[in-house]
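K.L.:
can't give you the sequence, but here's the structure:
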């Protein structure tokens, strides 16, 4: 009696799904079998979406946000303030900033953060283009909006140093209590930062 | 200032990923952006796997298990016992049975279970083909291996009734304590079934 397994195409599909972030072997099997069996599943539509997203979307050569053949939606928006340039780690960080509604300038996505342990050095990030842009926007305020972890801090410090000699001011977003968070849930470092960043009421 | 969103192909991809079972809006966004950004992502390979799995794999017309152009791996295996036919709900139930190594007969996948509330009636299941197969395998033991929930019970009872007049014996898999499970974790119904199903030591 031969041992039975799923047909090879199904095994291949499970294998590919398993590579996605947050999807383990069991989820991958469940998703693959749902795709094969459920009358509601549209595996072909999903496949087409993947191909379309990969083929039609690229990163803007200036700011690093997602762009299509229609042009970068940020860089081509001339109603934004040319006095503000927000530096974020990844293209995916632009949308949370936009949803906050508190920023109306331009963005610059670094494509990562400095992390010598993982082999990410300054030349691996989109820093040269940032310096060129800042030179072209004289008197701009560069807002560093990088993560509050060690690599984010290191990247902020490095950028502040590089920008020092240019005609721009450099600021960074505040660290402190998250909205809605009580003191009892805040860790010591967060409270230290919140105290250090206190402002006149 | 126009509000910024991901390009349409990325939004479409997030939409499609969100339809997968167990994947919510946040996971879908995370997976889509990982597929767009990570150097390790292979969206085209995933798309090809989806197309291949959909095009090359179908359900066996006899037993309902997954099959390719090479033929059904179960039905074409003549080393199995023709005295045993195991009835399961879905094609996905065959592999757990096979992995147990305790069954060497053939399978029959119903494609679901009776559930009048969800509009699943006997004619929606692969029951007619089951009766035809049983008639062709005279003296076979039909092992009902359906779930232990209400619909599984109802389906088992219905099948037992339909098979009564045919030249076959009907059995069902046991209900009781799961392997490794202590009494303190078993619910009352499980213990009732375990007691009812007790066997001479």
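P.N.:
Happy to help now that I have it. Every value quoted in this text rests on a predicted model; they were computed, and no experiment measured them.
K.L.:
if I look at residue A:74, how far off is residue B:3?
P.N.:
Going from residue A:74 to residue B:3 by C-beta to C-beta, to the nearest Å gives 11 Å. To be clear about C-beta, it is placed using only N, CA and C from the backbone, and glycine gets the same treatment.
K.L.:
Between those two, which is the more surrounded one?
P.N.:
Counted by other C-beta atoms under 10 Å in any protein chain shown, residue A:74 and residue B:3 do not tie: residue A:74 has more neighbours, with 24 against 10.
K.L.:
Identify the residues contacting that one.
P.N.:
By C-beta atoms under 8 Å, 6 or more residues apart in numbering or on different chains, the contact set of residue A:74 is A:60, A:63, A:65, A:80, A:94, A:106, A:107, B:4.
K.L.:
Helix, strand or coil: sort out it for me.
P.N.:
coil (DSSP: H, G, I helix; E, B strand; the rest coil).
K.L.:
List phi and psi for it.
P.N.:
Backbone torsions of residue A:74, given as degrees, to the nearest 10, read phi -90, psi -60.
K.L.:
Then residue A:107?
P.N.:
For residue A:107, the backbone dihedrals (degrees, to the nearest 10) come out as phi -120, psi 160.
K.L.:
Of the contacts of residue A:74, which is the most crowded?
P.N.:
In terms of neighbour count, residue A:107 stands highest of the contacts of residue A:74 at 27 neighbours, by other C-beta under 10 Å.
K.L.:
Across the sheet, point out what pairs with it.
P.N.:
Beta bridges link residue A:107 to residue A:86, judged by DSSP bridges.
K.L.:
Sort out which residues of the least confident helix or strand in chain A by mean pLDDT are buried, please.
P.N.:
Every helix and strand of chain A was ranked by mean pLDDT, DSSP states H and E. The lowest is helix A:188-196, at a mean of 82. Within helix A:188-196, the residues that qualify as buried are A:190, A:193, A:194, counting by 16 or more other C-beta atoms under 10 Å in any protein chain shown.
K.L.:
low-confidence ranges in chain A?
P.N.:
Within chain A, the ranges that satisfy pLDDT under 70 run A:1-2.
K.L.:
And the strands in it?
P.N.:
Taking DSSP state E to define them, one finds strands in chain A at A:58-59, A:66-67, A:84-88, A:106-109, A:140-144, A:168-172.
K.L.:
Generate CSV for these, with distance to residue A:120 as supplementary columns.
P.N.:
Formatted as CSV, the strands of chain A follow (distance: least, C-beta to C-beta, whole Å):
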stretch, distance to residue A:120
strand A:58-59, 17
strand A:66-67, 21
strand A:84-88, 16
strand A:106-109, 14
strand A:140-144, 17
strand A:168-172, 20
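K.L.:
and residue A:143, what are its bridge partners?
P.N.:
For residue A:143, the beta-bridge partners are residue A:86, residue A:171 (DSSP bridges).
K.L.:
right, and it touches residue A:84 too?
P.N.:
Yes. Counting by C-beta atoms under 8 Å, residue A:143 touches residue A:84, with 6.4 Å between them.
K.L.:
Residue A:126 - how many residues pack around it?
P.N.:
Count around residue A:126 with other C-beta under 10 Å applied: 18.
K.L.:
That one contacts residue A:61, doesn't it?
P.N.:
No. Using C-beta under 8 Å, residue A:126 is not in contact with residue A:61; the gap is 9.7 Å.
K.L.:
and chain A, what are its domains?
P.N.:
Following automatic domain parsing, chain A resolves into domains at A:1-40, A:72-172.
K.L.:
Out of those, flag the one nearest residue B:152.
P.N.:
Checking the domains of chain A against residue B:152 by C-beta to C-beta gives domain A:1-40 as the closest, at 17.6 Å.
K.L.:
quick one: buried residues of that closest one?
P.N.:
In domain A:1-40, the ones that count as buried by 16+ other C-beta under 10 Å are A:4, A:6-7, A:9-10, A:12-14, A:16-20, A:23, A:27-37.
K.L.:
just stretch A:155-164 next, same as before
P.N.:
By 16+ other C-beta under 10 Å, the buried positions in stretch A:155-164 come out as A:155, A:156, A:159, A:162, A:163.
K.L.:
And for stretch A:115-126?
P.N.:
Going by neighbour count (16+ other C-beta under 10 Å), the buried part of stretch A:115-126 is A:115, A:120, A:125, A:126.
K.L.:
Please tell me how far the second one sits from residue A:181.
P.N.:
Residue A:120 is 30 Å from residue A:181, where distance means C-beta to C-beta.
K.L.:
What distance do you get for the nearest residue to residue A:27 once chain neighbours are set aside to residue B:30?
P.N.:
Leaving aside its chain neighbours, residue A:27 sits nearest to residue B:22 (5.7 Å; criterion: C-beta to C-beta, 6 or more residues apart in numbering or on different chains). Using C-beta to C-beta, one gets 13 Å for the distance from residue B:22 to residue B:30.
K.L.:
Equivalent analysis for residue A:112, please.
P.N.:
17 Å.
K.L.:
Before I go, just wanted to say thanks for your time.
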